[in-house]
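Participant: just to be clear, the model below is a prediction. Sequence and coordinates:
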Amino acid sequence: MKAIAVVDKNWGIGKEGGLLFSLPADMKFFRETTTGATVVMGKKTLASFPGGRPLKNRTNIVIDSKCLHDGCVTVKNLDELFAVLNDVKGEVYVIGGAMTYRSLLPYCEEALITKVDASGGADVFLDNLEKLPQWSMTSMSEPVETNGYTIRFTVYRNNRVLSPVSEKK
């Protein structure tokens, strides 16, 4: 499992239920990386998509203890998620939001982080992987200009990945 996110200088990821920036180069990267894969998100992330609809050409898994979501696999908790993921073939990406990242980052072997050289006034944040000893940056792209912002595509590796344990019932 991998995480994929955009962060500002303060590791902010969102504001008032939406993204901090409009970054065409990052959207292209996200689309190319996750198309055909399984994406895992919380209900607020799903609600932030146009029309609250799932992403096309991906298996969408939503963690929500109360509601089912059309076009998505809905799981109530991490145990249910891990049971579902046991049967998933191919890549799995955690795409947000903050609570979902916080819960699942320990189980991710990599985090694909697009860093924006700006502050976006965020009200939700990703843990700063540079301050967590189990995470180390393994690559960073050259700067890319997109929509007036400078971004870099980075990859972090988790050197102490937790193994999910789900009980089969």
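Facilitator: Good, I have the coordinates. Numbering: from 1, shown residues only.

Participant: how about stretch 90-105: buried residues?
Facilitator: Neighbour counts over stretch 90-105 (16 or more other C-beta atoms under 10 Å) mark Val92, Tyr93, Val94, Ile95, Gly96, Gly97, Ala98, Thr100, Tyr101, Ser103, Leu104, Leu105 as buried. All C-beta atoms are positioned from the backbone trio N, CA, C, and that covers glycine.

Participant: endpoints of stretch 45-57, how far apart?
Facilitator: 17 Å (C-alpha to C-alpha, to the nearest Å).

Participant: same check, this time on stretch 98-117
Facilitator: Terminal residues of stretch 98-117 are spaced 20 Å apart (C-alpha to C-alpha).

Participant: and the pLDDT at Glu167?
Facilitator: For Glu167, the model assigns a pLDDT of 48.

Participant: my read: Gly120 touches Val7, true?
Facilitator: No: the pair Gly120 / Val7 is not scored as a contact, 9.1 Å apart, by C-beta atoms under 8 Å.

Participant: contacts only, for Val92.
Facilitator: Shown in contact with Val92 (C-beta atoms under 8 Å, 6 or more residues apart in numbering): Met1, Lys2, Ala37, Thr38, Val39, Val40, Leu85.

Participant: against Gly12, how distant is it?
Facilitator: According to C-beta to C-beta, to the nearest Å, Val92 stands 24 Å off from Gly12.

Participant: and Ile151, by the same measure?
Facilitator: 14 Å.

Participant: ok, Lys56 next?
Facilitator: Counting by C-beta to C-beta - Lys56 and Gly12 are separated by 27 Å.

Participant: how about Ser22?
Facilitator: Distance from Ser22 to Gly12, by C-beta to C-beta: 15 Å.

Participant: tell me which of those two has more neighbours.
Facilitator: Between Ser22 and Gly12, counting by other C-beta atoms under 10 Å, Gly12 is the more crowded of the two (21 against 11).

Participant: thank you, goodbye.
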